[in-house]
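*Asks:* got a sequence here, can you model it:
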Amino acid sequence: MAGIYIHIPFCHHKCLYCDFYSTGKSKLTDDFPSLILKEIELRKNLIPEEKVETIYFGGGTPSLLSFIQIQEILTGINKHFAIEPNPEITIEVNPDDLSKDILRGYKSIGINRISVGVQSFIDDELKFLGRRHDANKAIESILDIYKTGFTNVSVDLIYGIPNSSLESWEYSVNKAIELNVQHLSCYHLTFEESTPLTRKLKKGFINALDEELSIKQFQILREKTNANGFIHYEISNFAKEGFISKHNSSYWHGVPYLGVGPSAHSFNGKMRQWNVSSLDQWSNEIKQSKCTVQSETIDDTTKFNELLLTRLRTIWGVDLNFVAHTFPKKYSDYLRSSISDHLKKGNLIIVDESKLIIPPDKYFVSDAIIEDLFYLE
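*Replies:* Okay, here's the model as predicted:
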């Protein structure tokens with residue numbers, strides 16, 4: 001199995017907190033889909049024998065492309081790869097880009113999962129984050145998605161927003177649940193270097209939310225989702241039964257994927273590659289049938305550390321027997337010795353005899369736990 005990720009780097013404007021590669025909408029040209037397909041043709045041998053199970057349009061703002069342009073890309077993918085029956089095809093959308101006509105177009109070309117970048121159902125918080133839509137538009141867009149016949153809808157929310165409260169966060173979570181979404185991706189606001197939000201923080205114009213309040217917001221999230229039938233399957237992701245994201249789960253399970261478009265990453269089990277973060281350079285090279293990618297061959301240590309980093313974030317955890325049978329003995333010995341203290345403290349637990357997991361009440365400090373387990377040469 002394999003996945004394909006298409007990075008659509010265009011945005012109306014960049015949100016204040018975002019550090020993903022993006023560029024202005026004015027850079028979107030009619031030939032962008034053909035350039036994506038040309039890159040696929042150039043690099044398809046990265047996953048030559050794999051059947052494609054998931055296709056994901058991310059960004060940026062994929063909903064800036066017309067459904068005709070998206071259809072062109074999907075048609076090209078079908079020409080180059082064997083596709084599993086009923087693949088999961090996701091598109092990320094902004095609420096203010098949607099209309100019923102656009103949604104009907106998406107449905108007609110096979111898109112079957114919509115991920116809506118809501119971030120908050122509180123207007124003041126949306127303004128703070130630099131979002132273009134308001135809460136009413138977000139609600140309207142989700143209702144329109146359902147009216148068009150989609151049955152797999154994910155909503156992104158952000159907690160830890162400066163000046164937010166337990167009440168405002170609980171309101172946003174409750175609103176998403178009331179709208180009957182099948183999936184929630186909820187991320188703590190991160191102050192990334194070189195973003196406008198971080199510059200405001202450094203200049204003292206804003207203050208980060210108190211960590212204890214952020215922890216309580218996360219606890220509310222867990223309680224509300226658990227009470228409403230969501231599976232907390234990854235630190236930031238919650239799904240109703242049958243609606244776990246296949247594409248994102250493939251990253252955590254080490255499934256090969258091809259990433260195309262400026263700044264996109266790829267992985268084939270042995271090597272990781274990433275494209276240049278420049279639309280101009282990327283497009284100029286593709287037009288010349290070239291594609292400059294940086295790459296990293298994954299050695300045993302990197303593979304071991306990435307297994308910990310990805311799987312310990314999930315309910316699937318790390319199987320100690322798998323480590324013993326897959327890696328040189330030194331890694332298994334190291335892991336068993338390094339987890340001892342964490343097991344005593346309750347930072348880690350072993351279930352089903354050999355599955356190592358981080359208990360959900362320790363998720364908020366999971367980064368520190370995982371980092372402490374890394375094998376260092």
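*Asks:* only C-alpha atoms from now on, for both contacts and neighbour counts.
*Replies:* Will do.
*Asks:* nearest the geometric middle of this protein, what residue?
*Replies:* With distances taken as C-alpha atoms, centre = their mean, the residue of the chain nearest its centroid is residue 248 (6.1 Å).
*Asks:* tell me how the chain divides into domains.
*Replies:* Under the assignment automatic domain parsing, the domains of the chain span 2-252, 300-373.
*Asks:* measure the last one end to end?
*Replies:* What it means is domain 300-373. Terminal residues of domain 300-373 lie 15 Å apart, using C-alpha to C-alpha, to the nearest Å.
*Asks:* distance from it to the middle of the chain?
*Replies:* Offset of domain 300-373 from its chain centre (C-alpha atoms, centre = their mean, to the nearest Å): 22 Å.
*Asks:* repeat that for the longest one.
*Replies:* Chain-centre distance of domain 2-252: 7 Å, with C-alpha atoms, centre = their mean.
*Asks:* now it: mean pLDDT?
*Replies:* Taken as a whole, domain 2-252 has a mean pLDDT of 94.
*Asks:* try the last one
*Replies:* Regarding domain 300-373, the rounded mean pLDDT is 96.
*Asks:* which residues sit against the longest helix seen in the chain?
*Replies:* Across the chain, the longest stretch assigned as helix under DSSP state H is helix 211-227. Helix 211-227 has contacts (C-alpha atoms under 8 Å, 6 or more residues apart in numbering) with 159-160, 165-166, 169-170, 173-174, 177, 188, 231-232, 238, 364.
*Asks:* how does it look with 6 Å?
*Replies:* 160, 166 (C-alpha atoms under 6 Å, 6 or more residues apart in numbering).
*Asks:* with only the CA atoms kept, save the longest strand anywhere in the chain in CSV.
*Replies:* Counting residues, the longest strand found in the chain (DSSP state E) is strand 83-93. Taking Å, rounded to 0.1, in the frame of the first residue of the first chain, the C-alpha atoms of strand 83-93 are listed here in CSV:
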residue,chain,number,x,y,z
ILE,A,83,-5.4,2.5,-7.3
GLU,A,84,-7.0,0.4,-4.6
PRO,A,85,-10.8,0.2,-4.8
ASN,A,86,-12.5,3.0,-2.8
PRO,A,87,-9.3,4.9,-2.0
GLU,A,88,-9.5,7.6,0.7
ILE,A,89,-9.2,10.9,-1.2
THR,A,90,-9.0,14.0,1.1
ILE,A,91,-8.9,17.7,0.4
GLU,A,92,-8.1,20.4,2.9
VAL,A,93,-10.5,23.4,2.6
